[in-house]
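Asks: below: sequence and its predicted model.
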Amino acid sequence: MRQAVAAFVFAAALVVYTITLTPTVGLTDSGALTVAAWALGNAHPPGFPLYLMLTHLATLLPLGTIAVRVNYASAFFAALACAMVTLCVAEIIPAKTTKWVTLSAMTFAGLLLAFGRTLWEYAVVAEVYALNSFLLATIFCLMLSWRRTRQIARLYIAALVFGLALGVHHVTIGLSLVAIAVLVLRTAGFKFFRSKQLLIAALIAIVAFVAVYAYLPIAASRDPVLNWGDPDNFTNIVRHITAKQYRVYVKVSDESSQVDDFFRLTTRELGPPWLPIALLIALYGLWQAFRRDRTLFWFLLLVIVADAAWMLVYPIANDEDAYLLPVFLALTLASAYGVVAIARDRIAIAAALLAIPLLSLGIHWPYRDRSHFLVPKDYSENALRTMDRDALLFTGDWQLYAPMFYFLEAEKVRPDVKIIEYGMLIRGWYVDALAKRYPELFGEVQEQFAAYRPLLAHFDADDEQWRNDAALREQFNLRLDDLVAALIEKQVAHGGHAYATADIAKSQDPVDQRLLARLAAAYDVVPRGIVMEYLPGHSTRDVKNIPLQLRGLVDARDEVVLTEILPTYRTALLNRARYFAVAGRYEDALASYKDALSLDPDNASLQAEIARTELARERLGVR
């Protein structure tokens with residue numbers, strides 16, 4: 001019966017995730033992860049090798065686009081995580097609990113996790129967190145089963161899964177080690193830490209870890225289309241696994257916002273904000289575990305505390321809630337324990353509490369239904385539609401770069417387009433990869449490339465020293481300016497077209513002003529939708545008023561859309577409107593202004609600008 005409940009939860013979760021699956025590539029890291037899985041390349045640190053290998057299998061399925069296949073892999077892993085949680089519950093429920101209350105508590109926990117906002121979010125798009133949750137739940141289940149049975153084979157399998165899981169998201173997996181150690185201590189005592197069994201378990205985990213990360217240099221040797229960090233030697237492998245480029249962000253936070261975010265996300269996860277009843281049940285479950293099963297209490301509490309502590313020292317940007325999935329797993333198990341304590345062998349009460357995860361399903365559906373989420377696809381297509389043949393695009397907008405990179409490389413939609421992520425030009429591996437991907441263009445700028453490339457070695461070796469050496473940074477910026485300017489010059493000289501997004505072409509960063517002045521002296525910067533084109537000389541330009549697909553922006557419930565993509569569209573529309581107004585094309589200007597206003601209807605400054613343009617049109621009698 002327990003296996004049947006797990007199978008039911010798996011099926012229910014998978015059906016919901018499939019119905020709400022993203023029909024194309026997602027935002028943030030999804031585009032790069034999809035390409036890395038498809039091409040068996042290397043993703044951003046720490047590399048996620050197990051995720052890439054397993055997800056690559058999904059790309060072989062005859063199912064939709066590559067993006068859909070990779071998204072579906074997330075749905076599958078997330079559904080497995082929910083099923084595994086039900087089996088975890090079976091290990092922690094008191095032995096005297098009646099069968100039907102136990103089965104109800106298992107179903108409650110599995111569905112509560114499935115229909116919570118966080119796992120569901122990462123179940124419908126390419127991301128590592130669904131697989132990570134499944135592996136973490138599997139480790140919990142095996143360790144709790146070992147506690148109950150003391151069968152050493154289960155501990156060894158848990159060690160194997162732990163080592164492999166470090167090849168997905170090693171931070172959240174590693175943080176669970178404190179709780180696991182306390183579980184072992186309270187189950188087997190101090191003597192176990194000097195035992196042969198523990199040594200064997202540690203060796204199994206280490207071998208699994210080394211084996212899964214052996215993928216990095218093997219993948220690098222194939223020179224894949226995405227080979228982040230180029231981990232082809234020991235130094236680069238260590239830098240990649242330890243996420244050296246991100247360690248600068250690790251610091252103790254002195255802001256209350258991190259604490260506020262923790263409580264906000266936790267409350268949101270386990271019930272509607274106005275009545276977090278599942279959270280109350282989880283807290284009651286923790287209290288009951290403290291009274292009746294102190295080992296379980298410390299295990300769950302330490303999972304929560306360790307994960308919350310990491311959140312306080314690492315300010316995560318776009319996937320903050322994903323780092324809390326271990327917390328949500330622990331609270332879900334606690335809630336199941338609370339259900340049993342509340343029901344007290346009364347099946348009617350246990351069954352009635354199943355309404356709570358069903359309530360979560362209804363409340364969270366509008367936030368997590370991605371079946372019509374086409375914003376990343378539209379974003380890429382809007383940029384590509386306005387770019388002529390043989391185009392070179394510079395952008396610092398990762399939300400544009402990652403999806404477009406997927407469409408260019410995996411779906412081959414515009415083989416004539418070359419794209420460069422401006423901010424990543426400080427990475428030696430990335431510059432080398434560009435030179436290989438676009439050999440003809442970089443062959444034209446060998447002098448500038450040869451002057452710039454050696455300076456990257458300083459940054460790769462010691463980015464802190466680089467940041468503190470003003471003279472080195474100045475030399476670095478000068479040579480980077482030379483390289484970018486030469487790339488644009490050669491692209492245009494050979495009859496191609498050079499573009500940049502507004503964050504580059506209209507940058508407000510003082511470091512960029514010298515380059516912008518240099519380009520402005522040689523080129524007009526002409527708005528073309530959400531990109532801007534560098535055209536040589538200075539003259540009146542004809543700008544086509546190509547409509548932009550703006551569906552799903554205003555009513556988006558995605559924070560990335562609202563804070564990053566929607567403002568970019570608004571800025572692009574404003575740039576185009578002002579360009580039309582200067583050229584006396586008032587009807588086209590007003591059309592672009594009104595599109596911008598539709599994205600920001602309460603913007604008084606924009607409304608005033610529209611009024612001034614209408615007045616200018618009336619004064620000149622232009623229609």
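Replies: The structure has been received and is ready for your questions.
Asks: contacting residues around Arg69?
Replies: Applying C-beta atoms under 8 Å, 6 or more residues apart in numbering, we find Arg69 in contact with Ala58, Thr59, Leu60, Leu61, Leu63. Where you see a C-beta, it was placed from the backbone N, CA and C, and this is true even at glycine.
Asks: I'd like the average pLDDT over the lengthiest helix in the chain.
Replies: Using DSSP state H, we find that the single longest helix of the chain is helix 66-92. Average pLDDT, helix 66-92: 97.
Asks: which is the next helix or strand following that helix?
Replies: Where DSSP states H and E defines the elements, the next helix or strand beyond helix 66-92 is helix 99-114.
Asks: elements contacting that next one?
Replies: Using 3 or more C-beta pairs under 8 Å, 6 or more residues apart in numbering; DSSP states H and E, the elements in contact with helix 99-114 are helix 2-19, helix 66-92, helix 325-343, helix 347-352, helix 355-368.
Asks: need those helices in TSV with distance to Ala577, can you?
Replies: What follows is those, written out as TSV (distance: least, C-beta to C-beta, whole Å):
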stretch	distance to Ala577
helix 2-19	40
helix 66-92	33
helix 325-343	43
helix 347-352	57
helix 355-368	33
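Asks: ok, which of the ones you listed comes nearest Arg570?
Replies: Nearest of the helices and strands packed on helix 99-114 to Arg570, taken as C-beta to C-beta: helix 355-368 at 23.3 Å.
Asks: how distant is the following helix or strand past that closest one from the center of its chain?
Replies: Using DSSP H and E, the helix or strand that follows helix 355-368 towards the C-terminus is helix 375-385. Distance of helix 375-385 from the chain centroid (C-alpha atoms, centre = their mean, to the nearest Å) equals 19 Å.
Asks: what's helix 375-385 in contact with?
Replies: Contact with helix 375-385 is made by 24-27, 30-31, 393, 399-400, 403-404, 407, 413-414, 417, 501, 529-531, 546, 548-553, 556, 558, 561, 565, as judged by C-beta under 8 Å, 6+ apart.
Asks: mind giving me the PyMOL command for buried ones among those?
Replies: Here is the PyMOL command that picks out the buried ones among those, judged by 16 or more other C-beta atoms under 10 Å:
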select buried, resi 24+25+26+27+30+31+393+399+400+403+404+407+414+417+501+529+530+531+548+550+552+553+558+561+565
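Asks: looking at the contacts of helix 375-385, which are in helices?
Replies: Of these, the ones assigned to helices by DSSP H are Ser30, Gly31, Gln399, Leu400, Pro403, Met404, Phe407.
Asks: what sits against the third one?
Replies: Read it as Gln399. Leu27, Thr28, Pro376, Tyr379, Val560, Glu564, Ile565, Thr568.
Asks: want to try JSON lines for these, with pLDDT as columns?
Replies: Shown next, in JSON lines, are these (pLDDT from 0 to 100):
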{"residue": "Leu27", "pLDDT": "91"}
{"residue": "Thr28", "pLDDT": "88"}
{"residue": "Pro376", "pLDDT": "94"}
{"residue": "Tyr379", "pLDDT": "95"}
{"residue": "Val560", "pLDDT": "87"}
{"residue": "Glu564", "pLDDT": "89"}
{"residue": "Ile565", "pLDDT": "91"}
{"residue": "Thr568", "pLDDT": "90"}
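Asks: for those residues, work out which two are farthest apart.
Replies: The most widely separated members of the contacts of Gln399, counting by C-beta to C-beta, are Thr28 and Thr568 (14.5 Å).
Asks: who's more crowded, these two?
Replies: Neighbour comparison, Thr28 and Thr568: the larger count goes to Thr28, with 21 against 17 (by other C-beta atoms under 10 Å).
Asks: from Ser539, how far off is that one?
Replies: Using C-beta to C-beta, to the nearest Å, Thr28 is found at 40 Å from Ser539.
Asks: and Tyr215, by the same measure?
Replies: Distance, Tyr215 to Ser539, using C-beta to C-beta: 54 Å.
Asks: between these two, point out the one with more neighbours.
Replies: Taking other C-beta under 10 Å, Tyr215 and Ser539 do not tie; Tyr215 has more neighbours (19 against 7).
Asks: wait, the more buried one sits on Phe48?
Replies: No: the criterion here is C-beta atoms under 8 Å, and Tyr215 misses it with Phe48 at 9.6 Å.
Asks: what sits in contact with each of the two?
Replies: By the contact definition C-beta under 8 Å, 6+ apart, Tyr215 and Phe48 are jointly contacted by Gly167.
Asks: any idea how many residues pack against the nearest residue to His364 once chain neighbours are set aside?
Replies: What sits nearest to His364 in space, not counting adjacent residues and going by C-beta to C-beta, 6 or more residues apart in numbering, is Arg117, at 5.0 Å. Neighbour count for Arg117, taken as other C-beta under 10 Å: 17.
Asks: show me the contacts for Arg117.
Replies: With C-beta under 8 Å, 6+ apart, Arg117 has these contacts: Arg268, Glu269, Asp321, His364, Tyr367, Arg368.
Asks: gap between it and Ala577?
Replies: 37 Å.
Asks: would you say Leu535 is within a strand?
Replies: Yes: under DSSP: H, G, I helix; E, B strand; the rest coil, Leu535 sits within a strand.
Asks: give me the neighbour count for the spatially closest residue to it that is not a sequence neighbour.
Replies: Residue nearest to Leu535 in three dimensions, not counting chain neighbours: Asp524, with 4.8 Å by C-beta to C-beta, 6+ apart. For Asp524, the count of nearby residues is 16 (other C-beta under 10 Å).
Asks: circling back: point out the least confident one among the contacts of Arg69.
Replies: Across the contacts of Arg69, the bottom pLDDT score, 87, is held by Leu63.
Asks: so what's the backbone phi/psi at it?
Replies: phi -140, psi 100 (degrees, to the nearest 10).
Asks: isn't it up against Asn71?
Replies: No: applying C-beta under 8 Å as the test, Leu63 and Asn71 come out as separate, 10.0 Å apart.
Asks: show me where pLDDT drops low in the stretch 301-450 of the chain?
Replies: By pLDDT under 70, the low-scoring segments of the stretch 301-450 of the chain are 314-318.
Asks: switch the cut-off to 90
Replies: Applying pLDDT under 90 to the stretch 301-450 of the chain flags residues 307-324, 343-347, 350, 363, 367, 426.
Asks: what of the stretch 501-623 of the chain?
Replies: 506, 524, 526-530, 537-564, 567, 570-623.
Asks: strands of that one, start to end?
Replies: For the stretch 501-623 of the chain, the strands defined by DSSP state E, counting those that start in this stretch cover 523-528, 531-536.
Asks: to Asp261, which of those lies closest?
Replies: With respect to Asp261, and counting by C-beta to C-beta, the nearest of the strands of the stretch 501-623 of the chain is strand 531-536 at 34.0 Å.
Asks: for the residue nearest to Leu353 when sequence neighbours are not counted, which residues are in contact?
Replies: Distances taken as C-beta to C-beta, 6+ apart put Val339 closest to Leu353, at 5.3 Å, once the chain neighbours are dropped. Listed by C-beta under 8 Å, 6+ apart, the contact partners of Val339 are Val101, Ser104, Ala105, Phe108, Ala109, Ile281, Gly285, Ala350, Leu353.
Asks: ok so, going back, more neighbours, Leu63 and Asn71?
Replies: In terms of neighbours (other C-beta under 10 Å), Asn71 is the more surrounded of Leu63 and Asn71; the figures are 29 against 11.
Asks: wait, the more buried one touches Ala130, no?
Replies: No: taking contacts as C-beta under 8 Å, Asn71 lies outside contact range of Ala130: 10.1 Å.
Asks: run through the stretch 101-250 of the chain and note the low-pLDDT ranges.
Replies: The stretch 101-250 of the chain contains residues with pLDDT under 90 at 169-172, 235-236, 238-250.
Asks: that one: strands as residue ranges?
Replies: Under DSSP E, counting those that start in this stretch, the stretch 101-250 of the chain gives no strands.
Asks: quick one, helices of the stretch 101-250 of the chain?
Replies: Using DSSP state H, counting those that start in this stretch, the helices of the stretch 101-250 of the chain run over residues 117-123, 129-149, 152-175, 177-188, 196-213, 215-221, 234-241.
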